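Student: generate coordinates for the sequence data below:
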Amino acid sequence: MRTDTSPGTLPAREHLPAGDAGTPVLDVVIPVYNEEKDLQPCVLRLHEHLKRTFPYAFRITIADNASIDTTPQVAARLESEIPEVTSFRLEQKGRGRALRTVWSASDAPILAYMDVDLSTDLNALLPLVAPLISGHSDLAIGSRLARSSRVVRGAKREFISRTYNLILRGSLQARFSDAQCGFKAIRRDVAQALLPLVEDTGWFFDTEMLVLAERAGLRIHEVPVDWVDDPDSTVHIVKTATEDLKGVWRVGKALASGSLPLDRVTRPFGDDPRDRDIQDVPKGLARQLVGFCVVGGLSTLFYLVLYSLFRQFGGSQVANALALLVSAVANTAANRRLTFGVRGRGGAVRHQAQGLVVFAIGLALTSGSLAALNAASSDPAHSTELAVLVAANLAATVLRFLLFRAWVFPDRDDSAEEPPFAALNSPSSPTYSTAPQSPQHPQYPGSHASLPQRQPQQGTYDTASTTQFRAGEAADGTWRDATMQLQPVRPHDTDPRNSR
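Tutor: Take a look at the predicted model:
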């Protein structure tokens, strides 16, 4: 599946309108498991900070992960005493499961979460969500590894954190600096499209979400944070690290095979309205050139090694043909996946057949060059042969790129296809109202706080009484209710073997 030429299934980012609204702009989720001591101080401190510094309406959601102490009672008391606090209970553990469930059901356009120990300084909360509110970014993360971050923690955790992020950079080509900091936010429209692709229900949930978002071309904003380690943390480091490594292998395998439909989470080129009118712009040309040059350079080295090897057992023409054939197959496969972003097995045989035609042209150029060299000199030196072949390959490389781009892997014309989320840009799309809601609206299970209801709007909008937010659309073309019941999102969410 080509993602670099996709028109984008998500709408262009928009700045969220300011003003008093019945629907919270920010929903901060606090996943907890047996946190009867820390929960109340955390919620009170967070609520006081948001009341004092956050200029929009907000909600604090306590997600109880099957606690067996008095955490549910503490959450219920906080919910009854503070209007901006709501809670619900999951009967299975797993931080990822809790976040996916709450985020999938929330009506707030900005979704965030933080750990209950509040290790991260709350002064970073507004900088965290501001790029999402303004429409600048899709996700935001707190980073303890940024240069201006100030972190207090032991050498053991420091080593584990940095090692883990090095593994992500080396294996999954991740460019974000800190995957494990429990301080993240995401736009709701992005979450609706991205969360169904995330499989993990535990601690690897964050990493998987960020890797998929980055591979889909979404913008991730990083905020340097001040962070103090919690010495009473109940996280099992060895078990968590083992599960994370399994997750890295699973996600890496899925990305390599092209089985993830990341085109569902792409953005259109340019979020400025002026950019959306640009027509016939070559997409990804610079990136394709760089990728093609890198693959071409490696293929040339591979070809020269093969030629030198085959030359020991036969003539120059036979060695050239065999070396070029093997390197051409590898070159087509590498360019297909890395340069032109074609994923999956669909069309692979056809692409290789077309690549062999390109190979034949390269063979004609290099063979002709060798023939001309042999005609000029009866016994040319091996170094001279290699120099001639390099020059011939450079000439063939330019032609190969043009043929790959225009014939083998042409840009698809997606104008006739209706993307799964195409209705998001339609003026008649249902919207979510931010006007005050009636008490008859659906609620979270186990919660006494009402959630705003989806209201389809037609004709003109009464902007004096309500502010509109675009809602996400499901892949089957139907609109999902923002107040849907909190049921397991994936079948394996009910797997009793998952103890986290």
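
Student: can you list the weak-confidence ranges in this protein?
Tutor: The model of the chain has pLDDT under 70 over residues 1-9, 18-21, 231-237, 268-284, 411-500.

Student: quick one, helices of it?
Tutor: Assigned by DSSP state H, the chain shows helices spanning 39-53, 71-81, 95-105, 125-134, 155-172, 188-194, 205-215, 237-257, 285-311, 316-334, 348-376, 382-403.

Student: show me which positions of the fifth one end up buried.
Tutor: This points to helix 155-172. Neighbour-count burial for helix 155-172, counted by 16 or more other Cβ atoms under 10 Å, picks out 157, 160-161, 164-165, 167-168, 172. Backbone N, C-alpha and C define where each C-beta goes, glycine included.

Student: ok, the residue nearest in space to the middle of the chain to R219 distance?
Tutor: With distances taken as Cα atoms, centre = their mean, A213 lies nearest the centre of the chain, 0.9 Å away. Per Cβ to Cβ, to the nearest Å, A213 is found 9 Å from R219.

Student: just the C-alpha atoms of stretch 139-148, please, in PDB.
Tutor: Output for stretch 139-148, consisting of C-alpha atoms alone and laid out as PDB, is shown next (Å, rounded to 0.1, in the frame of the first residue of the first chain):
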ATOM      1  CA  LEU A 139       0.400  13.700  19.300                       C
ATOM      2  CA  ALA A 140       2.500  15.200  22.000                       C
ATOM      3  CA  ILE A 141       4.800  13.500  24.500                       C
ATOM      4  CA  GLY A 142       6.800  14.500  27.500                       C
ATOM      5  CA  SER A 143      10.500  13.700  27.100                       C
ATOM      6  CA  ARG A 144      12.900  13.100  30.000                       C
ATOM      7  CA  LEU A 145      15.800  12.700  27.500                       C
ATOM      8  CA  ALA A 146      15.600  16.200  26.000                       C
ATOM      9  CA  ARG A 147      18.600  18.400  26.600                       C
ATOM     10  CA  SER A 148      16.600  20.900  28.700                       C
END
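
Student: other residues contacting that stretch?
Tutor: If you take Cβ atoms under 8 Å, 6 or more residues apart in numbering as the criterion, stretch 139-148 is touched by 120, 124, 128-129, 131-132, 149, 151, 161-162, 165, 176-179, 181, 183-187, 190, 209-210, 213, 218-225, 227.

Student: ok, and for it, which residues are buried?
Tutor: In terms of neighbour count (16+ other Cβ under 10 Å), stretch 139-148 has its buried residues at 139-145.

Student: now, which of those residues sits nearest G291?
Tutor: Within the buried residues of stretch 139-148, the smallest distance to G291 is 24.9 Å, found for L139 (Cβ to Cβ).

Student: residues in a beta bridge with the closest one, which ones?
Tutor: Listed by DSSP bridges, the beta-bridge partners for L139 are I186, I220.

Student: and for L365, the neighbour number?
Tutor: L365: 18 surrounding residues under other Cβ atoms under 10 Å.

Student: please read the previous query as pertaining to R345.
Tutor: Neighbours of R345 under the rule other Cβ under 10 Å: 10.

Student: for it, phi and psi?
Tutor: Backbone torsions of R345, given as degrees, to the nearest 10, read phi -90, psi -10.

Student: how about it, nearest residue that isn't a chain neighbour?
Tutor: In space, R345 comes closest to G258 once its chain neighbours are excluded; the distance is 8.0 Å by Cβ to Cβ, 6 or more residues apart in numbering.

Student: quick one: residues contacting the one you found.
Tutor: Under the criterion of Cβ under 8 Å, 6+ apart, the contact partners of G258 comprise 1, 337, 342-345.

Student: which one of those is nearest A376?
Tutor: Within the contacts of G258, the smallest distance to A376 is 40.3 Å, found for R337 (Cβ to Cβ).

Student: quick one: neighbours of that closest one, just the number.
Tutor: Taking other Cβ under 10 Å as the criterion, the count of residues near R337 is 18.

Student: correct me if wrong: it contacts G344.
Tutor: No. Assessed by Cβ atoms under 8 Å, R337 is found out of contact with G344, at 9.7 Å.
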